[in-house]
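Student: Below: sequence and its predicted model.
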Amino acid sequence: QVQLVESGGGSGLPGGSLRLDCVAHGNKFSIYTMGWHRQAPGKPRELVADIAWNEDRPTYADSVTGRFIISKDTTKNIMTLQMSSLKAEDTAVYFCYADAYDFGVRARRDYWGQGTQVTVSS
(Lines give C-alpha, C1' and ligand atoms only; values in the text may rest on other atoms or scores of the structure.)
Protein backbone atom coordinates (compact mmCIF):
# COMPACT_ATOMS: atom_id res chain seq x y z
CA GLN A 1 0.00 0.00 0.00
CA VAL A 2 1.05 3.56 -0.71
CA GLN A 3 0.14 6.02 2.01
CA LEU A 4 0.00 9.74 1.44
CA VAL A 5 0.56 12.14 4.32
CA GLU A 6 -0.45 15.76 3.80
CA SER A 7 0.71 18.79 5.77
CA GLY A 8 0.32 22.52 5.55
CA GLY A 9 -2.78 24.45 4.59
CA GLY A 10 -4.87 26.18 7.21
CA SER A 11 -6.04 29.77 6.99
CA GLY A 12 -4.72 32.51 4.75
CA LEU A 13 -5.57 36.05 3.76
CA PRO A 14 -6.68 37.10 0.29
CA GLY A 15 -3.54 37.88 -1.63
CA GLY A 16 -1.48 35.82 0.77
CA SER A 17 0.35 32.52 0.46
CA LEU A 18 0.08 29.01 1.81
CA ARG A 19 2.00 25.83 1.19
CA LEU A 20 0.87 22.20 1.03
CA ASP A 21 3.20 19.21 1.23
CA CYS A 22 2.46 15.57 0.53
CA VAL A 23 4.79 12.67 1.28
CA ALA A 24 4.30 9.21 -0.17
CA HIS A 25 5.18 6.27 2.09
CA GLY A 26 5.24 2.57 1.42
CA ASN A 27 7.34 -0.39 0.41
CA LYS A 28 8.52 -0.80 -3.16
CA PHE A 29 6.35 1.48 -5.21
CA SER A 30 6.87 3.61 -8.27
CA ILE A 31 5.12 6.92 -8.80
CA TYR A 32 3.86 8.01 -12.19
CA THR A 33 2.14 11.25 -11.22
CA MET A 34 1.31 13.13 -8.05
CA GLY A 35 -1.04 16.02 -7.69
CA TRP A 36 -3.71 17.89 -5.80
CA HIS A 37 -7.45 17.98 -6.18
CA ARG A 38 -9.77 20.19 -4.16
CA GLN A 39 -13.41 20.15 -3.20
CA ALA A 40 -15.35 23.17 -2.03
CA PRO A 41 -18.69 22.79 -0.21
CA GLY A 42 -21.44 21.88 -2.63
CA LYS A 43 -19.07 21.54 -5.56
CA PRO A 44 -17.49 18.54 -7.28
CA ARG A 45 -13.86 17.63 -6.70
CA GLU A 46 -11.59 19.29 -9.25
CA LEU A 47 -7.99 18.95 -10.33
CA VAL A 48 -5.76 21.77 -9.09
CA ALA A 49 -2.36 20.68 -10.35
CA ASP A 50 -0.34 17.59 -10.99
CA ILE A 51 3.19 16.69 -12.04
CA ALA A 52 4.69 13.69 -13.78
CA TRP A 53 7.34 12.02 -11.67
CA ASN A 54 9.81 11.31 -14.45
CA GLU A 55 9.27 14.44 -16.50
CA ASP A 56 9.28 18.16 -15.84
CA ARG A 57 5.67 18.51 -16.95
CA PRO A 58 3.28 20.16 -14.49
CA THR A 59 -0.39 20.67 -15.26
CA TYR A 60 -2.52 23.41 -13.72
CA ALA A 61 -6.19 24.23 -13.63
CA ASP A 62 -6.93 27.51 -15.40
CA SER A 63 -8.16 28.96 -12.11
CA VAL A 64 -4.75 28.62 -10.44
CA THR A 65 -2.35 29.12 -13.36
CA GLY A 66 0.14 31.84 -12.54
CA ARG A 67 -0.68 31.70 -8.83
CA PHE A 68 0.14 28.13 -7.74
CA ILE A 69 3.35 26.22 -8.33
CA ILE A 70 3.68 22.47 -7.96
CA SER A 71 7.08 20.92 -7.38
CA LYS A 72 8.56 17.58 -6.43
CA ASP A 73 11.50 15.91 -4.72
CA THR A 74 11.66 12.47 -6.27
CA THR A 75 14.42 11.33 -3.93
CA LYS A 76 12.12 11.82 -0.92
CA ASN A 77 8.77 11.22 -2.64
CA ILE A 78 7.57 14.66 -1.61
CA MET A 79 5.31 16.92 -3.61
CA THR A 80 4.70 20.56 -2.73
CA LEU A 81 2.03 23.03 -3.80
CA GLN A 82 3.01 26.65 -3.24
CA MET A 83 -0.12 28.78 -3.34
CA SER A 84 0.17 32.53 -3.81
CA SER A 85 -2.20 35.41 -4.53
CA LEU A 86 -4.86 33.48 -2.67
CA LYS A 87 -8.51 34.13 -3.38
CA ALA A 88 -11.63 33.33 -1.38
CA GLU A 89 -12.61 30.85 -4.06
CA ASP A 90 -9.50 28.80 -3.25
CA THR A 91 -11.22 27.78 -0.03
CA ALA A 92 -11.67 24.01 -0.14
CA VAL A 93 -10.44 20.72 1.18
CA TYR A 94 -7.31 19.83 -0.75
CA PHE A 95 -6.56 16.17 -1.44
CA CYS A 96 -3.17 14.79 -2.41
CA TYR A 97 -3.18 11.89 -4.84
CA ALA A 98 -0.64 9.63 -6.45
CA ASP A 99 -0.87 7.44 -9.52
CA ALA A 100 1.51 4.70 -8.50
CA TYR A 101 2.46 1.07 -9.04
CA ASP A 102 2.69 -1.02 -5.89
CA PHE A 103 5.15 -3.88 -6.41
CA GLY A 104 3.73 -5.69 -3.39
CA VAL A 105 0.27 -6.15 -4.87
CA ARG A 106 1.48 -5.80 -8.46
CA ALA A 107 -1.09 -3.20 -9.33
CA ARG A 108 -1.24 0.39 -10.49
CA ARG A 109 -3.91 2.63 -9.01
CA ASP A 110 -4.69 6.04 -7.60
CA TYR A 111 -4.01 6.65 -3.93
CA TRP A 112 -5.52 9.51 -1.96
CA GLY A 113 -4.64 11.45 1.15
CA GLN A 114 -7.22 12.29 3.78
CA GLY A 115 -7.47 15.93 2.78
CA THR A 116 -6.43 19.18 4.39
CA GLN A 117 -8.56 22.30 4.77
CA VAL A 118 -7.53 25.57 3.14
CA THR A 119 -9.56 28.62 4.09
CA VAL A 120 -8.98 32.02 2.52
CA SER A 121 -10.73 34.82 4.34
CA SER A 122 -10.12 38.31 5.57
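Tutor: Okay, I see it.
Student: In contact with the residue positioned nearest the centre of the chain, which residues?
Tutor: For the chain, the residue sitting closest to the mean C-alpha position, by Cα atoms, centre = their mean, is residue 36 at 2.7 Å. Shown in contact with residue 36 (Cβ atoms under 8 Å, 6 or more residues apart in numbering): 20, 22, 47-50, 70, 79, 81, 94-97. The C-beta positions use only the backbone N, C-alpha and C, and glycine is treated the same way.
Student: Try it again at 10 Å.
Tutor: Neighbouring residues of residue 36 by Cβ atoms under 10 Å, 6 or more residues apart in numbering: 6, 20, 22, 46-51, 61, 64, 68, 70, 79-81, 83, 94-97, 113, 116.
Student: hmm, which of those are the buried ones?
Tutor: 6, 20, 22, 48-51, 64, 68, 70, 79-81, 83, 94-97, 113, 116 (16 or more other Cβ atoms under 10 Å).
Student: For the residue nearest to the centre of the chain, what is the enclosing helix or strand?
Tutor: Using DSSP states H and E, the element containing residue 36 is strand 29-39.
Student: Name the next helix or strand following that strand along the chain.
Tutor: strand 46-52.
Student: For stretch 96-109, which residues meet the burial criterion?
Tutor: So, applying 16+ other Cβ under 10 Å, buried residues of stretch 96-109: 96-100, 102.
Student: Would you check how far apart residue 26 and residue 83 are?
Tutor: 26 Å (Cβ to Cβ, to the nearest Å).
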